[in-house]
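Colleague: 3D model of this:
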Amino acid sequence: MNMESRQPDIGSDTSLHPVLFVGAGPGDPELITVKGQKALMAADVVIYAGSLVPEAILEWAGSETVRINSASMHLDAIVEVINLHYAAGKKIVRLHTGDPSLYGAIFEQMAELQRKAIPFSVIPGVTAAFAAAAAMGLEYTLPEISQTLILTRMAGRTPVPELESLQSLANHRTSMVIYLSIAFTDKVAAVLARAYGEDAACAVAFRVSQPGEKLLYTTVKNLAATVKKEGIARQALIIVGKVLDVRLDSLKHKSKLYDSGFAHGFRPTLQQEQDE
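Modeller: Numbering: from 1, shown residues only. Next up, the predicted model:
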């Protein structure tokens with residue numbers, strides 16, 4: 001299904017503006033995209049997930065902008081507020097934490113907007129997994145160590161498909177970032193121990209890029225105790241994988257991209273250059 005099929009024609013009335021779903025990024029106001037920042041600056045109304053989106057992000061909005069915290073609102077109420085302001089010709093930003101496509105619950109909102117013939121567009125954002133990697137100096141896809149990154153979550157009140165159970169995915173032993181699961185660290189650790197081993201390195205990234213950020217390095221067997229000791233109950237990621245074992249001073253495998261013996265369309269090998 002392409003985006004055009006989800007964005008109905010609003011006709012010739014150019015006073016009506018498409019609703020913009022905007023990724024706020026991981027929390028640092030400067031890690032929102034330039035396009036997202038401009039959308040906030042131009043918005044008449046910002047509907048934001050106040051339980052996750054820091055107030056600091058709203059600094060990009062104008063002083064006259066109406067700010068609506070959706071933390072206590074259900075889907076119908078959110079859509080009704082959007083419909084009200086859209087009909088009044090307002091520029092609306094629906095602000096979500098991180099990137100809207102990842103655990104953002106935006107598809108159900110878009111479906112309701114389409115049903116009401118309200119057009120929309122999405123501006124991506126920086127998800128916390130990538131902000132965590134930046135803060136930790138981490139590369140999830142190191143050559144000959146791991147070339148796959150899995151972003152997933154533990155089943156809780158929101159179930160996951162059986163084929164996507166944490167155990168099933170952990171068995172691949174790739175780099176993995178586990179969202180929305182910090183409250184289940186005992187269960188997560190038990191699953192990871194079976195796949196990666198109890199002594200495998202793992203990390204917890206709490207409120208990454210925000211004030212109060214914590215980056216905790218531990219092992220799978222000590223994961224639950226570490227989280228409990230630090231009193232972390234939400235807004236944290238669990239990171240696991242062999243890439244955590246590789247230090248800058250112990251790197252053995254390098255990419256072919258910058259290998260002097262590896263030629264590609266933009267660069268001959270060092271030996272070819274010398275022969276010329």
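Colleague: report how many residues lie close to residue 61.
Modeller: 22 (other C-beta atoms under 10 Å). (Glycine included, C-beta is placed from N, CA and C.)
Colleague: so which helix or strand takes in the closest residue to it other than its chain neighbours?
Modeller: For residue 61, ignoring the flanking residues on the chain, the nearest one in space by C-beta to C-beta, 6 or more residues apart in numbering is residue 40 at 4.8 Å. Secondary structure assignment for residue 40, by DSSP states H and E: helix 34-42.
Colleague: and for residue 77?
Modeller: helix 75-87.
Colleague: so for that helix, what gets flagged as buried?
Modeller: The neighbour-count check on helix 75-87 (16 or more other C-beta atoms under 10 Å) flags 78-79, 81-83, 85-86 as buried.
Colleague: mean confidence score for it?
Modeller: Averaged across helix 75-87, the pLDDT comes to 97.
Colleague: please compute how far the helix or strand following it lies from its chain's middle.
Modeller: Next in sequence after helix 75-87, counting helices and strands by DSSP H and E, comes strand 92-96. How far strand 92-96 lies from its chain's middle: 16 Å, per C-alpha atoms, centre = their mean, to the nearest Å.
Colleague: partner strands of strand 92-96 and their direction?
Modeller: Here strand 92-96 has these sheet partners by DSSP bridges: strand 19-23 (parallel), strand 45-48 (parallel).
Colleague: send the alpha carbons of that strand over as PDB?
Modeller: Only the C-alpha atoms of strand 92-96 are listed here, as PDB (Å, rounded to 0.1, in the frame of the first residue of the first chain):
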ATOM      1  CA  ILE A  92      -1.300  20.400  13.100                       C
ATOM      2  CA  VAL A  93       1.800  18.500  14.300                       C
ATOM      3  CA  ARG A  94       1.300  15.100  15.900                       C
ATOM      4  CA  LEU A  95       4.600  14.800  17.800                       C
ATOM      5  CA  HIS A  96       5.800  11.300  18.700                       C
END
